[in-house]
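>>> got a predicted structure plus its sequence, pasted below:
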Amino acid sequence: MEIVRCRDYEEMSSKAADIVCEEIGKRPDLVLGLATGSTPLGLYRELIDRYGKGTVSFKKIKTVNLDEYVGLGEDDAQSYAYYMRSNLFSHIDIAPGNTHIPDGKNADHESECSKYDAVIDELGGVDVQILGIGHDGHIGFNEPGNAFIPRTHRVKLTEETIEANKRFFERRADVPKFAYTMGIRDIFRARKIIFLVSGKDKAGIIREALKGPITPEVPASILQLHSNVILIGEDKALELLDE
Ligand code: GLP
């Protein structure tokens, strides 16, 4: 795993944007896997900025998001569909039909999961995946458990995740209890993974994920086996890796 240490959040975001733009340059119809949360916001700002300067176009790319809360629709301000529109899609030249996010409003989880798997298959899998990590080691919303779940599934969010994500909601009780998430197989099959880590509060879980045993109890630990991960992190998030 290549590790790129950055002095701050801005440098991390800018380095990640360099790679995304370089990949789009090589392949204008790139399939880009997208993440949500606070960590990739700076990267999305950079991409919008570069689009504004005319150095990159997203016209032909296709995107596939990692996850969505069950019960929230694209007009709910806390949904990931809304997040993607307001933090990236509505500011760039991407074709809305080329963007894909699980439909949180589809209560029939079996049909939603197989539909999303079919979308991923139709796209031929992900070329470049942006990834963050949850405090409990989750990637996408693949929560700790006793098995890696390969494909899209409905997941019960852990108390730790609900606690961490309550900051985006008015009340803790408003945080959905379930989410749809892309499975580990499809994340792992991405040809390149840009793994972003920011904040001192992620230092412990990053050490566990990269130096500890590969186990579904720490879903991100599977990345130890991937041959093309670039970890771009703030120094303070990576400070426990050398111990
Ligand atoms: C969220 C998302 C993940 C994200 C993670 C970390 O719940 N489902 O895709 O990587 O948690 O979020 P943050 O970057 O805000 O710490």
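The structure has been received and is ready for your questions.

>>> can we go C-alpha only for contacts and neighbour counts from here?
Noted.

>>> which ones are touching Gly183?
Contacts for Gly183 (CA atoms under 8 Å, 6 or more residues apart in numbering) come out as 142, 149-153.

>>> if you rank those by neighbours, which is first?
Counting neighbours by other CA atoms under 10 Å, Asn142 comes out on top of the contacts of Gly183 with 30 neighbours.

>>> give me every residue in this structure lying close to the ligand.
Residues of the chain lying close to the ligand by CA under 6 Å from any ligand atom are 35-39, 131-134, 139-141.

>>> let's see it at 8 Å
35-40, 66-68, 131-135, 138-141, 161, 164-165, 197-198, 202 (CA under 8 Å from any ligand atom).

>>> rewinding a little: just give me the closest of the contacts of Gly183 to Ser114.
Closest approach between the contacts of Gly183 and Ser114, by CA to CA: Thr152, at 7.2 Å.

>>> go ahead and confirm the closest one touches Ser114.
Yes: taking contacts as CA atoms under 8 Å, Thr152 lies within contact range of Ser114: 7.2 Å.

>>> picking that back up, show me the contacts of Gly183 that map onto strands.
In this view, the contacts of Gly183 that belong to strands under DSSP state E are His153.

>>> pLDDT and distance to Ser57 added to the contacts of Gly183, as JSON lines?
As requested, the contacts of Gly183 are exported to JSON lines (pLDDT from 0 to 100; distance: CA to CA, whole Å):
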{"residue": "Asn142", "pLDDT": "97", "distance to Ser57": "31"}
{"residue": "Ile149", "pLDDT": "97", "distance to Ser57": "34"}
{"residue": "Pro150", "pLDDT": "98", "distance to Ser57": "32"}
{"residue": "Arg151", "pLDDT": "98", "distance to Ser57": "30"}
{"residue": "Thr152", "pLDDT": "98", "distance to Ser57": "29"}
{"residue": "His153", "pLDDT": "98", "distance to Ser57": "32"}
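
>>> for the chain, which helix is longest?
helix 9-26 (DSSP state H).

>>> list of residues touching whichever helix or strand comes after it?
Next in sequence after helix 9-26, counting helices and strands by DSSP states H and E, comes strand 31-34. Strand 31-34 is contacted by residues 61-66, 123, 125-131 when judged by CA under 8 Å, 6+ apart.

>>> convert strand 31-34 to CSV, retaining C-alpha atoms only.
Provided in CSV are the C-alpha atoms of strand 31-34 (Å, rounded to 0.1, in the frame of the first residue of the first chain):
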residue,chain,number,x,y,z
VAL,A,31,-16.3,4.6,-13.4
LEU,A,32,-15.7,6.5,-10.2
GLY,A,33,-16.8,5.1,-6.9
LEU,A,34,-17.8,7.9,-4.4
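
>>> give the partner strands of that strand in its sheet and their orientations.
Partner strands for strand 31-34, per DSSP bridges, with pairing direction: strand 62-65 (parallel), strand 128-131 (parallel).

>>> among these, which is the most enclosed?
For the strands paired with strand 31-34, the largest average neighbour count (mean count of other CA atoms under 10 Å) is found in strand 128-131, namely a mean of 25.

>>> contact partners for Gly73?
Counting by CA under 8 Å, 6+ apart, Gly73 makes contact with 79, 81, 103-105.

>>> which single one of these is nearest to the ligand?
Ser79 (10.8 Å; CA to the nearest ligand atom).

>>> any idea how far Asp67 is from the residue most central in space within the chain?
A centroid search over the chain (CA atoms, centre = their mean) returns Ala35, at 2.3 Å, as the residue closest to the centre. Using CA to CA, to the nearest Å, we find Ala35 at a distance of 8 Å from Asp67.
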